[in-house]
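1. sharing a model that was predicted from the sequence below.
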Amino acid sequence: ETGVTQSPTHLIKTRGQQVTLRCSSQSGHNTVSWYQQALGQGPQFIFQYYREEENGRGNFPPRFSGLQFPNYSSELNVNALELDDSALYLCASSLKDSGKGNTIYFGEGSWLTVV
Amino acid sequence: GNSVTQMEGPVTLSEEAFLTINCTYTATGYPSLFWYVQYPGEGLQLLLKATKADDKGSNKGFEATYRKETTSFHLEKGSVQVSDSAVYFCALSNTGGFKTIFGAGTRLFVKA
């Protein structure tokens, strides 16, 4: 148990639709990151939020957007869904500090299937 | 840019065999290195980590040593069990904790 919870666990959407995925961070963690894990691949960094602002972004188009709320929970929104968006979406929380690379703690993910 | 390369799988071993999964990295600065494990149908769990050169991370019988001279962080276990069957990901995070970069993963099957 990492204390990071995600919802929903599974969902199916149609191409062109929009989806919102939700994440509750581990208690005390102020940074949340989102990753996309396609089948058979490693997780790919989408973006990170710290203090409710985007703090870095990977190689994903603008139709991938996010929010972080004052309680550090987060949402990932994907517009205009494409078939290739089908993947496991992982949320990870961590505590941002000035030291060495932080350990991130993952939720169990949301499986998105686009048909 | 930063990257992680790990050996391709699947790796199939008999119970009690010795395990090595190779991982090498390319990075600027002095990253922290991690191994994560993913059991079927689950998210990723941190297995072990090392934050500086020559550090050894260990957990549940698994070990990995941060080798800066060879830019490697190989995962080892002396005697694997069927319950170790999973996908193992090597990862790095640069100083400051910005995004974690993962390798493609190595699937391990352990036969009884």
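-> Alright, I've got the coordinates. Note that the structure is predicted; figures quoted are calculated from it, not measured.
2. how much space separates the residue lying farthest from the centre of chain B from chain A?
-> Here the centre of chain B is the reference, and by CA atoms, centre = their mean the most remote residue is B:Ala112, at 22.9 Å. For B:Ala112, the distance to chain A (CB to the nearest CB, to the nearest Å) stands at 25 Å. To be clear about C-beta, it is placed using only N, CA and C from the backbone, and glycine gets the same treatment.
3. ok, that residue - contacts?
-> Listed by CB atoms under 8 Å, 6 or more residues apart in numbering or on different chains, the contact partners of B:Ala112 are B:Glu15, B:Val82.
4. host element of the most centrally placed residue in chain A?
-> Centroid check for chain A by CA atoms, centre = their mean gives A:Trp34 as the closest residue, at 2.7 Å. A:Trp34 belongs to strand A:31-37 when assigned by DSSP states H and E.
5. quick one: strands adjacent to that strand?
-> Using DSSP bridges, the strands paired with strand A:31-37 are strand A:44-50 (antiparallel), strand A:87-94 (antiparallel).
6. still on that earlier bit, my guess is the residue nearest to the centre of chain A meets A:Tyr89, correct?
-> Yes: under the contact definition of CB atoms under 8 Å, A:Trp34 touches A:Tyr89, with a separation of 6.6 Å.
7. circling back: deepest in the core, which of the strands paired with strand A:31-37 is it.
-> With neighbours defined as mean count of other CB atoms under 10 Å in any protein chain shown, the strands paired with strand A:31-37 peak in mean count at strand A:87-94, which reaches a mean of 25.
8. which element follows it toward the C-terminus?
-> Proceeding C-terminally, strand A:87-94 gives way to strand A:105-106 as the next helix or strand, assigned by DSSP H and E.
9. sheet partners, orientation included, of that following strand?
-> Under the criterion DSSP bridges, the sheet neighbours of strand A:105-106 are strand A:87-94 (antiparallel).
10. tell me, how many residues neighbour B:Gly78?
-> Under the neighbour criterion other CB atoms under 10 Å in any protein chain shown, B:Gly78 is assigned a count of 11.
11. report the contact partners of it.
-> B:Phe18, B:Gly61.
12. pLDDT wise, what is it at?
-> According to the predicted model, the pLDDT of B:Gly78 comes to 97.
13. other residues contacting the strand holding A:Trp34?
-> Judged by CB under 8 Å, 6+ apart, the contacts made with strand A:31-37 from elsewhere in the structure are A:23, A:25, A:43-50, A:55, A:60, A:66, A:68, A:72-74, A:76, A:87-96, A:102, A:104, A:106, A:109, B:97, B:99-100.
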